[in-house]
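Chemist: Only the shape, not the letters, is given here:
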């Protein structure tokens, strides 16, 4: 691929894969938020996804591919930036002076670890403490599974901490997308920065609200 032959092309591809995953994270949050409707809400949502069959696995494969591309390019570009001349690195560093900007590689790697944990937790379901069963309509009881899991402080702490990391990663990553694509200038940059932070806040609140609502007793089985 010609995009991979130079640093600019790699940055563009990393930016595009990152934004595609942001859309997935938004959609996933909306789906998970159906838990606030009650057991029927989240269980019906999960049953609908299950009914899609192979389409779900195709989508998962695509998302896995995007994730691998994003992670590999992120590591490669970070190593290239560190190996660049002092002048080039100084110019790059001016564009990443915030804490979120300076820690993008580390926050990304932490999120990768969390994604693996999350898949083992709720997809493979091998983390102890999950209530596995069916509801009154014979559907897999996702509601009870989530409630039984987030009753434990350490599990809730892991998820909330991961969402804090996600906030920092996206607050910089979203506005960086527009910069990388060449759509940012002195006039629009403040708008993109605010949009990135606002999106990151919404995602943090939307995801963190679920485990916090369960451990506080607002949502219960």
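Modeler: Structure's in. What do you need? What you see is a predicted model, and the numbers here were worked out from it, not measured in a lab.
Chemist: Model confidence for the residue most central in space within the chain, exactly?
Modeler: For the chain, the residue sitting closest to the mean C-alpha position, by CA atoms, centre = their mean, is residue 25 at 5.3 Å. Confidence at residue 25, expressed as pLDDT, is 97.
Chemist: Identify each buried residue in the lengthiest helix in the chain, please.
Modeler: With secondary structure taken from DSSP state H, the chain has its longest helix at helix 54-83. Residues of helix 54-83 classed as buried by neighbour count (16 or more other CB atoms under 10 Å): 63, 66, 67, 69, 70, 71, 73, 74, 77. Where C-beta positions appear, they are placed from N, C-alpha and C, glycine not excepted.
Chemist: and the closest residue to the fifth one other than its chain neighbours, how many residues sit next to it?
Modeler: Nearest residue to residue 70, sequence neighbours excluded (CB to CB, 6 or more residues apart in numbering): residue 17, at 4.2 Å. A count of nearby residues for residue 17, using other CB atoms under 10 Å, gives 21.
Chemist: show me the contacts for residue 17.
Modeler: By CB atoms under 8 Å, 6 or more residues apart in numbering, residue 17 lies in contact with 66, 67, 69, 70, 73.
Chemist: What's the separation between the fourth one and residue 22?
Modeler: Counting by CB to CB, to the nearest Å, the gap between residue 70 and residue 22 amounts to 11 Å.
Chemist: Kindly report the same for the first one.
Modeler: In this structure, residue 66 and residue 22 are separated by 11 Å, where distance is defined by CB to CB.
Chemist: Helices along this protein, start to end?
Modeler: With DSSP H as the criterion, the chain has helices spanning 7-32, 39-51, 54-83, 86-94, 99-102, 104-118, 142-150, 153-180, 189-215.
Chemist: By mean pLDDT, show me the worst of these.
Modeler: helix 86-94 (a mean of 50).
Chemist: so who does the closest residue to residue 153 other than its chain neighbours touch?
Modeler: Spatial nearest neighbour of residue 153, chain neighbours left out: residue 215 (6.7 Å); criterion: CB to CB, 6+ apart. Residues counted as contacts of residue 215 (CB under 8 Å, 6+ apart) are 150, 151, 153, 156.
Chemist: Let's see that with 10 Å instead.
Modeler: Neighbouring residues of residue 215 by CB atoms under 10 Å, 6 or more residues apart in numbering: 147, 150, 151, 152, 153, 155, 156, 157, 159, 160.
Chemist: circling back to that earlier point, rebuild the contacts of residue 17 as TSV, extending it with distance to residue 178.
Modeler: What follows is these, written out as TSV (distance: CB to CB, whole Å):
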residue	distance to residue 178
66	19
67	21
69	20
70	17
73	18
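Chemist: nearest to residue 190, of those residues?
Modeler: Nearest to residue 190 among the contacts of residue 17: residue 70, at 26.0 Å, using CB to CB.
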